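Trainee: need a 3D model of the following:
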Amino acid sequence: MRLSFLLGAAAMSLSVPAMAATDAAATAEVAATLTYPETHTVDVVEEQFGVKVADPYRWLEDDVRTSKEVVGWVEAQKAVTAPYLAALPGRDALAARMKALYDYERFSLPVKAGGHYFFTKNDGLQNQSPLYVRKGLKGKDRILIDPNGWAKDGATALDAWEPSPNGKLIAYTVQDGGSDWRTIKVIDVKTGKPVGEPIAWAKFTNLAWVGNEGFLYSRFAEPEKGKEFQALNENQTLYFHRIGTAQSEDKAVYATPDRPWATAHR
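Mentor: Reported below is the predicted structural model:
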(Lines give C-alpha, C1' and ligand atoms only; values in the text may rest on other atoms or scores of the structure.)
Protein backbone atom coordinates (compact mmCIF):
# COMPACT_ATOMS: atom_id res chain seq x y z
CA MET A 1 0.00 0.00 0.00
CA ARG A 2 2.82 2.37 0.89
CA LEU A 3 4.57 1.58 -2.40
CA SER A 4 1.44 2.25 -4.45
CA PHE A 5 0.91 5.53 -2.60
CA LEU A 6 4.47 6.65 -3.33
CA LEU A 7 4.15 5.67 -6.98
CA GLY A 8 0.89 7.63 -7.26
CA ALA A 9 2.41 10.67 -5.59
CA ALA A 10 5.41 10.50 -7.91
CA ALA A 11 3.15 10.31 -10.94
CA MET A 12 1.17 13.33 -9.71
CA SER A 13 4.33 15.35 -9.05
CA LEU A 14 5.41 14.69 -12.60
CA SER A 15 2.02 15.53 -14.09
CA VAL A 16 1.66 18.91 -12.34
CA PRO A 17 4.78 20.44 -13.92
CA ALA A 18 3.75 18.89 -17.20
CA MET A 19 0.30 20.51 -16.98
CA ALA A 20 1.86 23.83 -15.99
CA ALA A 21 4.27 23.61 -18.90
CA THR A 22 1.38 22.87 -21.25
CA ASP A 23 -0.59 25.87 -19.99
CA ALA A 24 2.47 28.09 -20.22
CA ALA A 25 3.12 26.95 -23.76
CA ALA A 26 -0.48 27.61 -24.75
CA THR A 27 -0.36 31.06 -23.16
CA ALA A 28 2.91 31.87 -24.93
CA GLU A 29 1.42 30.73 -28.23
CA VAL A 30 -1.57 33.01 -27.81
CA ALA A 31 0.66 35.90 -26.74
CA ALA A 32 2.77 35.46 -29.85
CA THR A 33 -0.30 36.08 -32.01
CA LEU A 34 -1.24 39.36 -30.31
CA THR A 35 -0.95 42.40 -32.52
CA TYR A 36 -0.84 45.59 -30.55
CA PRO A 37 -2.05 48.84 -32.13
CA GLU A 38 0.65 51.36 -32.96
CA THR A 39 1.12 54.25 -30.54
CA HIS A 40 2.14 57.46 -32.25
CA THR A 41 4.71 59.77 -30.71
CA VAL A 42 4.98 63.52 -30.40
CA ASP A 43 8.00 65.79 -30.48
CA VAL A 44 8.16 66.98 -26.88
CA VAL A 45 11.52 67.72 -25.24
CA GLU A 46 11.88 69.56 -21.93
CA GLU A 47 14.96 70.61 -20.05
CA GLN A 48 15.10 69.27 -16.49
CA PHE A 49 17.98 70.52 -14.33
CA GLY A 50 20.11 71.13 -17.40
CA VAL A 51 19.28 67.82 -19.06
CA LYS A 52 17.04 67.58 -22.12
CA VAL A 53 14.42 64.87 -21.61
CA ALA A 54 12.22 63.56 -24.40
CA ASP A 55 8.61 62.69 -23.60
CA PRO A 56 7.18 61.27 -26.85
CA TYR A 57 4.06 59.86 -25.19
CA ARG A 58 3.04 63.07 -23.43
CA TRP A 59 -0.31 63.07 -25.23
CA LEU A 60 -1.36 59.96 -23.30
CA GLU A 61 -1.44 62.07 -20.14
CA ASP A 62 -4.59 63.81 -21.40
CA ASP A 63 -7.76 63.05 -19.44
CA VAL A 64 -9.30 59.86 -20.80
CA ARG A 65 -12.75 61.26 -20.03
CA THR A 66 -12.33 64.25 -22.33
CA SER A 67 -9.73 63.26 -24.95
CA LYS A 68 -11.18 61.24 -27.83
CA GLU A 69 -7.66 60.35 -28.92
CA VAL A 70 -6.78 58.80 -25.56
CA VAL A 71 -10.15 57.03 -25.42
CA GLY A 72 -9.45 55.48 -28.83
CA TRP A 73 -6.01 54.29 -27.69
CA VAL A 74 -7.43 52.72 -24.52
CA GLU A 75 -10.21 50.95 -26.42
CA ALA A 76 -7.73 49.59 -28.99
CA GLN A 77 -5.52 48.24 -26.18
CA LYS A 78 -8.52 46.66 -24.46
CA ALA A 79 -9.60 44.97 -27.68
CA VAL A 80 -6.24 43.16 -27.76
CA THR A 81 -5.78 42.53 -24.04
CA ALA A 82 -9.26 41.59 -22.78
CA PRO A 83 -9.74 38.39 -24.86
CA TYR A 84 -6.27 37.18 -23.87
CA LEU A 85 -6.86 37.75 -20.17
CA ALA A 86 -10.32 36.18 -20.34
CA ALA A 87 -8.84 32.97 -21.76
CA LEU A 88 -6.18 32.49 -19.07
CA PRO A 89 -6.61 29.15 -17.28
CA GLY A 90 -7.76 29.38 -13.67
CA ARG A 91 -8.89 33.00 -14.00
CA ASP A 92 -12.43 32.36 -12.77
CA ALA A 93 -11.27 30.29 -9.81
CA LEU A 94 -8.74 32.95 -8.82
CA ALA A 95 -11.34 35.73 -9.12
CA ALA A 96 -13.82 33.79 -6.98
CA ARG A 97 -11.19 33.13 -4.31
CA MET A 98 -10.08 36.77 -4.20
CA LYS A 99 -13.70 37.91 -3.90
CA ALA A 100 -14.26 35.53 -0.99
CA LEU A 101 -11.11 36.73 0.81
CA TYR A 102 -12.11 40.39 0.47
CA ASP A 103 -15.69 39.84 1.62
CA TYR A 104 -15.46 40.83 5.28
CA GLU A 105 -16.55 43.85 7.30
CA ARG A 106 -13.71 46.23 8.12
CA PHE A 107 -13.21 49.53 9.90
CA SER A 108 -10.59 52.27 10.06
CA LEU A 109 -9.25 53.65 13.32
CA PRO A 110 -11.71 56.20 14.72
CA VAL A 111 -10.90 59.89 15.12
CA LYS A 112 -12.53 61.67 18.06
CA ALA A 113 -13.57 65.32 17.77
CA GLY A 114 -16.08 67.22 19.90
CA GLY A 115 -17.67 64.11 21.35
CA HIS A 116 -18.07 62.52 17.91
CA TYR A 117 -16.19 59.57 16.47
CA PHE A 118 -15.36 59.56 12.76
CA PHE A 119 -14.33 56.39 10.92
CA THR A 120 -14.67 54.54 7.64
CA LYS A 121 -16.47 51.22 7.35
CA ASN A 122 -16.79 48.76 4.48
CA ASP A 123 -19.49 46.07 4.57
CA GLY A 124 -17.28 43.72 2.58
CA LEU A 125 -17.29 44.31 -1.15
CA GLN A 126 -18.00 48.01 -1.44
CA ASN A 127 -15.74 49.71 -3.97
CA GLN A 128 -15.00 52.47 -1.45
CA SER A 129 -15.46 52.73 2.29
CA PRO A 130 -18.04 55.34 3.34
CA LEU A 131 -17.19 57.76 6.15
CA TYR A 132 -19.35 57.37 9.26
CA VAL A 133 -19.91 59.48 12.35
CA ARG A 134 -21.09 58.35 15.77
CA LYS A 135 -22.13 60.59 18.65
CA GLY A 136 -20.43 59.23 21.75
CA LEU A 137 -19.32 55.66 22.25
CA LYS A 138 -22.85 54.26 22.25
CA GLY A 139 -24.38 56.43 19.56
CA LYS A 140 -25.83 55.16 16.31
CA ASP A 141 -23.54 55.02 13.28
CA ARG A 142 -24.53 57.46 10.57
CA ILE A 143 -23.14 57.69 7.03
CA LEU A 144 -21.64 61.13 6.59
CA ILE A 145 -19.94 60.74 3.19
CA ASP A 146 -20.51 57.90 0.73
CA PRO A 147 -18.23 58.23 -2.32
CA ASN A 148 -19.64 55.11 -4.01
CA GLY A 149 -22.30 57.16 -5.79
CA TRP A 150 -20.03 59.96 -6.96
CA ALA A 151 -19.21 58.49 -10.38
CA LYS A 152 -20.59 55.67 -12.50
CA ASP A 153 -17.10 54.39 -13.27
CA GLY A 154 -16.05 54.53 -9.61
CA ALA A 155 -13.08 56.73 -10.49
CA THR A 156 -13.97 59.58 -8.11
CA ALA A 157 -12.73 58.81 -4.63
CA LEU A 158 -12.73 60.09 -1.07
CA ASP A 159 -9.11 60.74 -0.13
CA ALA A 160 -8.12 62.52 3.09
CA TRP A 161 -10.54 63.85 5.72
CA GLU A 162 -10.14 65.79 8.94
CA PRO A 163 -12.85 66.93 11.40
CA SER A 164 -12.64 70.30 13.10
CA PRO A 165 -11.64 70.14 16.80
CA ASN A 166 -15.24 70.73 17.91
CA GLY A 167 -16.54 68.04 15.57
CA LYS A 168 -19.01 70.38 13.87
CA LEU A 169 -17.32 70.50 10.45
CA ILE A 170 -15.26 68.11 8.42
CA ALA A 171 -12.90 68.96 5.57
CA TYR A 172 -12.11 66.29 3.01
CA THR A 173 -10.35 65.90 -0.32
CA VAL A 174 -11.75 64.39 -3.50
CA GLN A 175 -9.60 62.54 -6.03
CA ASP A 176 -10.98 62.41 -9.55
CA GLY A 177 -9.96 59.96 -12.25
CA GLY A 178 -6.78 58.85 -10.51
CA SER A 179 -5.24 62.32 -10.78
CA ASP A 180 -2.97 63.78 -8.10
CA TRP A 181 -5.10 66.93 -8.12
CA ARG A 182 -7.45 67.25 -5.15
CA THR A 183 -10.59 69.27 -4.58
CA ILE A 184 -11.16 70.23 -0.95
CA LYS A 185 -14.70 70.39 0.39
CA VAL A 186 -16.22 71.15 3.79
CA ILE A 187 -19.56 69.93 5.13
CA ASP A 188 -21.60 70.46 8.25
CA VAL A 189 -21.47 67.26 10.30
CA LYS A 190 -24.99 67.68 11.68
CA THR A 191 -26.75 68.37 8.39
CA GLY A 192 -24.34 66.93 5.84
CA LYS A 193 -24.72 70.10 3.78
CA PRO A 194 -21.75 71.81 2.10
CA VAL A 195 -20.14 74.80 3.77
CA GLY A 196 -18.63 77.34 1.39
CA GLU A 197 -17.30 76.65 -2.09
CA PRO A 198 -14.86 73.86 -3.04
CA ILE A 199 -11.14 74.64 -3.07
CA ALA A 200 -9.36 73.71 -6.32
CA TRP A 201 -5.81 72.84 -7.40
CA ALA A 202 -4.68 71.26 -4.16
CA LYS A 203 -2.06 68.54 -4.54
CA PHE A 204 0.21 66.54 -2.20
CA THR A 205 -1.51 68.14 0.76
CA ASN A 206 -2.60 67.42 4.29
CA LEU A 207 -5.45 69.16 6.10
CA ALA A 208 -4.64 70.81 9.43
CA TRP A 209 -7.28 72.75 11.33
CA VAL A 210 -6.29 75.95 13.13
CA GLY A 211 -8.84 75.99 15.94
CA ASN A 212 -12.31 75.79 14.42
CA GLU A 213 -11.87 78.87 12.24
CA GLY A 214 -10.18 77.28 9.25
CA PHE A 215 -7.43 74.97 8.08
CA LEU A 216 -4.04 74.84 6.38
CA TYR A 217 -3.55 73.16 3.02
CA SER A 218 -1.10 73.36 0.12
CA ARG A 219 -1.73 73.92 -3.55
CA PHE A 220 -0.24 75.08 -6.82
CA ALA A 221 -1.21 77.93 -9.12
CA GLU A 222 -4.04 77.14 -11.49
CA PRO A 223 -2.55 75.58 -14.65
CA GLU A 224 -3.26 76.83 -18.13
CA LYS A 225 -6.54 75.53 -19.50
CA GLY A 226 -6.01 72.30 -21.41
CA LYS A 227 -2.68 71.61 -19.69
CA GLU A 228 -3.97 70.50 -16.29
CA PHE A 229 -2.13 67.19 -16.57
CA GLN A 230 0.93 68.27 -18.56
CA ALA A 231 2.11 71.53 -17.00
CA LEU A 232 5.00 71.47 -14.56
CA ASN A 233 3.95 71.88 -10.94
CA GLU A 234 6.21 74.44 -9.31
CA ASN A 235 6.00 76.79 -6.36
CA GLN A 236 3.72 74.74 -4.12
CA THR A 237 2.43 77.11 -1.44
CA LEU A 238 0.92 76.58 1.99
CA TYR A 239 -2.36 78.47 2.46
CA PHE A 240 -4.79 79.18 5.28
CA HIS A 241 -8.47 78.93 4.38
CA ARG A 242 -10.93 80.61 6.72
CA ILE A 243 -14.36 78.96 6.83
CA GLY A 244 -16.99 81.07 5.09
CA THR A 245 -14.58 82.90 2.77
CA ALA A 246 -13.76 82.41 -0.92
CA GLN A 247 -10.62 80.61 -2.05
CA SER A 248 -9.39 83.86 -3.58
CA GLU A 249 -9.15 85.25 -0.04
CA ASP A 250 -6.94 82.44 1.27
CA LYS A 251 -3.71 83.68 2.84
CA ALA A 252 -0.33 82.35 1.73
CA VAL A 253 1.54 81.15 4.81
CA TYR A 254 4.71 79.58 3.45
CA ALA A 255 6.44 79.22 0.08
CA THR A 256 9.91 78.61 -1.35
CA PRO A 257 10.17 80.75 -4.51
CA ASP A 258 13.95 80.28 -4.48
CA ARG A 259 13.33 76.54 -4.78
CA PRO A 260 10.25 76.22 -7.02
CA TRP A 261 10.48 72.42 -7.10
CA ALA A 262 10.42 72.05 -3.30
CA THR A 263 7.33 70.81 -1.44
CA ALA A 264 5.65 73.16 1.00
CA HIS A 265 5.10 71.15 4.14
CA ARG A 266 2.65 72.17 6.79
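Trainee: surely residue 111 meets residue 131?
Mentor: No: the criterion here is CB atoms under 8 Å, and residue 111 misses it with residue 131 at 10.1 Å. Quick note: C-beta positions are derived from backbone N, CA and C, even for glycine.
Trainee: between the two, which is the more surrounded one?
Mentor: Neighbours were counted for residue 111 and for residue 131 using other CB atoms under 10 Å; residue 131 has more, 20 against 15.
Trainee: residues touching that one, list them.
Mentor: Shown in contact with residue 131 (CB atoms under 8 Å, 6 or more residues apart in numbering): 118-120, 143-146, 158, 161, 170, 172.
Trainee: how about the spatially most central residue of the chain, nearest residue that isn't a chain neighbour?
Mentor: Nearest to the centroid of the C-alpha atoms of the chain, with distances taken as CA atoms, centre = their mean, sits residue 178, at 4.9 Å. Distances taken as CB to CB, 6 or more residues apart in numbering put residue 155 closest to residue 178, at 6.4 Å, once the chain neighbours are dropped.
Trainee: distance of that neighbour from residue 196?
Mentor: 25 Å (CB to CB, to the nearest Å).
Trainee: neighbour count: the two, which is higher?
Mentor: Counted by other CB under 10 Å, residue 155 and residue 196 do not tie: residue 196 has more neighbours, with 17 against 14.
Trainee: how close does that one sit to residue 208?
Mentor: In terms of CB to CB, residue 196 sits 17 Å off from residue 208.
Trainee: swap in residue 109?
Mentor: 18 Å.
Trainee: show me which of the two is the more surrounded one.
Mentor: Comparing residue 109 with residue 208 by neighbour count (other CB under 10 Å), the higher total belongs to residue 208, at 14 against 6.
Trainee: I figured that one was touching residue 216, is that so?
Mentor: Yes: with contact defined as CB under 8 Å, residue 208 and residue 216 form a contacting pair (4.4 Å).
Trainee: name all residues that make contact with residue 198.
Mentor: 183-185.
Trainee: again, 6 Å this time
Mentor: Neighbour list for residue 198: 183, 185 [criterion: CB atoms under 6 Å, 6 or more residues apart in numbering].
Trainee: understood, closing this out.
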